[in-house]
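J.: got a sequence here, can you build the structure:
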Amino acid sequence: ASDAAVLAAGPGWLRRGDAAVAVLERFDAADGLRSGARDAAQAWDDGADLPRARLAGCAAFRVGEDGGGLRPLLEPAAWAGARRAFAAAGRAPCGVVVGAKGAGKSTFCRQLLNGLGKAALLELDVGQPSVGPPACLSLRVLDGPLLAPPHLCARELGDVRRRYFFGDNTPRDDPGGYLDAAAALHGLWLSELAPEGVPLVVNTCGWVTGLGAELLANLIRALRPTHVFAAGDATFCNRRGAPVAAALDACDPRPQLRCLGGFADDGDGKRRRESEGDLAARRPAAPAARRALQLACYFAETLDFGDDGPAARNGALADPRGDVADAIARAAHRVADWRRLSVAYVGGAADFAPASRAEAAATLPWSLVGLARSADLPRGLVAAAGGVPAGGADGPGVWPHADWLQAAPCVGLALVTSAAAGDVRLWAPAASLDGCDVLLRGRLAPPVDLLYRGPARHGAFAFLSSESLDRDDLATAMKSRSNIGRKAHKADAAS
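T.: Below you'll find the predicted structure:
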């Protein structure tokens, strides 16, 4: 009712969290909202109806009101031209978005998707995906605009056709498996969605130097896109002899390369850094902090945090009391008999796989796992392992080393909160986990924010996540202690 009253007086902005996401011309209690300008904060067809179900948790305010200092995202001319060219490219084009970290890949992917209507998204950024939880590669179909802030898009949006659990925030330790999984998901689009005319947008990771450039070049050779969009500095795409440039030349026909330039340029040479989650040009959070927020939103989706999810500030989780971890601890967990479970180790984690069931059980508590079904595994793989490894009184079964990345489609993620006395307790937001009897282990550990319930509830907490080492608030303190240690060592050496 309040939103209706606000917009009844004239056009307004739609806001969700700290981000302005739409220009609106009217509000109707029955039909929802109608967008006005096409090239607003997000791009979709002029006059398109937006169902109210997609706008839960949004607030509206009139043009001219302060709105907390918010302003629409000014789409650069190069972005608008590239987006329109892709939309007019014909039947089922494939566009790969590349660029270094912070160049604006995720923002441009949203612009592309929101201007297409029904489209497929191949998410290959395992560290900071634009849609879905981290540590996964996925193919999903989206049939409407992405209006939520980026961290809320970590929830299950769209129709997930297939997902692989990579188990890490970088493809560095398993580039071959990463490429094979990307090619398999692209093949699924070619066989099932491209014949229906569904375009494909590919979001890549921000690793564009050294091995990352070679990986990106091989990805382009495997996907053979119709378009490549380079955000930020596109030198790695244009420089003669560079891996990506050579890969573009090797494709037949050669993909159209569109250089998008800076993240947000108003055309007058001014740098206007307007991130999706915070348009106030503040310093963005560290990658691990943004990943912790995404995972918190994913695991808290079915908990009592409302449509806006856990509190966020500048792209990081704002939860000093440990409310997210406390809500997870209080939720009704699923309890599984570990004699009916088996554990497979994917990617770089395969090098550290335990040799016994007892060791597998001992390392399960406080782990982040992917969930899969043995019924979905290839028969040849199961036969090579001598059948599904059986669990016993000492722990779950352990699968031998194999190409698990493609072999086991992932249903969703789970937190293992305990594993003792034959029972494994898991928290997973997925609605249906029927038949999930394979736990996929990777190198990525859950952030402490999902486990530590705060000093008032938890007291001492004997756990340190490797995800904490990239956090500004924790890494700075650890770095300071290291500096003190080095100074003391130098003093001892001098004396």
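J.: wait, doesn't Asp437 sit right on Ser342?
T.: Yes. Counting by Cβ atoms under 8 Å, Asp437 does reach Ser342; the two are 6.7 Å apart. For the C-beta atoms, the positions are set from N, CA and C on the backbone; glycine is no exception.
J.: who touches both of those two?
T.: 374, 388 (Cβ atoms under 8 Å, 6 or more residues apart in numbering).
J.: pick out the residue nearest the middle of the chain.
T.: Pro129 (2.5 Å; Cα atoms, centre = their mean).
J.: which strand residues bridge Arg412?
T.: No, residue 412 isn't Arg; it's Gly. With DSSP bridges as the criterion, Gly412 is bridged to Leu371.
J.: what's the neighbour count on it?
T.: Number of residues near Gly412 (other Cβ atoms under 10 Å) recorded here: 22.
J.: oh, and call the first residue 37 from now on, that's how I've got it
T.: Let's use 37 as the start, then, which means that last one is Gly448.
J.: okay, it: pLDDT?
T.: Note on Gly448: pLDDT of 92.
J.: what sits against it?
T.: Gly448 touches 192, 406-407, 464-466, 469, counting by Cβ under 8 Å, 6+ apart.
J.: can I assume the residue nearest to the centre of the chain is in contact with Leu157?
T.: No. The pair Pro165 / Leu157 is not scored as a contact, 9.4 Å apart, by Cβ under 8 Å.
J.: between those two, which contacts overlap?
T.: Contacts common to Pro165 and Leu157, judged by Cβ under 8 Å, 6+ apart, are 174, 239.
J.: about what we covered before: for the residue lying closest to the residue nearest to the centre of the chain once chain neighbours are set aside, which residues make a bridge with it?
T.: With sequence-adjacent residues excluded and distances taken as Cβ to Cβ, 6 or more residues apart in numbering, Pro165 is closest to Glu159, at 4.8 Å. Here Glu159 sits in beta bridges with Ser174, Asn239, as judged by DSSP bridges.
J.: neighbours of Glu159, how many?
T.: For Glu159, using other Cβ under 10 Å, the count is 24.
J.: again, but for Val162
T.: 27.
J.: all helices of the stretch 337-486 of the chain, in order?
T.: 359-366, 393-398, 415-420, 440-443 (DSSP state H, counting those that start in this stretch).
J.: give the other helices and strands that the first one contacts.
T.: Packing contacts for helix 359-366, counted by 3 or more Cβ pairs under 8 Å, 6 or more residues apart in numbering; DSSP states H and E, involve helix 323-335, strand 448-456.
J.: check which residues of the shortest one are buried.
T.: What it means is strand 448-456. Applying a neighbour-count criterion of 16 or more other Cβ atoms under 10 Å, the buried positions in strand 448-456 are 448-453, 455.
J.: same question for the first one.
T.: Buried residues in helix 323-335, counted by 16+ other Cβ under 10 Å: 323-335.
J.: skip the chain neighbours and tell me the closest residue to Ala325.
T.: Ala352 (4.0 Å).
J.: and that neighbour, what does it touch?
T.: Ala352 touches 321-322, 325-326, 328-329, counting by Cβ under 8 Å, 6+ apart.
J.: what is the most widely separated pair among those residues?
T.: Ala322 and Leu329 (10.9 Å; Cβ to Cβ).
J.: redo the helices of the stretch 337-486 of the chain as TSV? Include distance to Pro291.
T.: Listed next are those as TSV, based on distance: least, Cβ to Cβ, whole Å:
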stretch	distance to Pro291
helix 359-366	42
helix 393-398	45
helix 415-420	34
helix 440-443	25
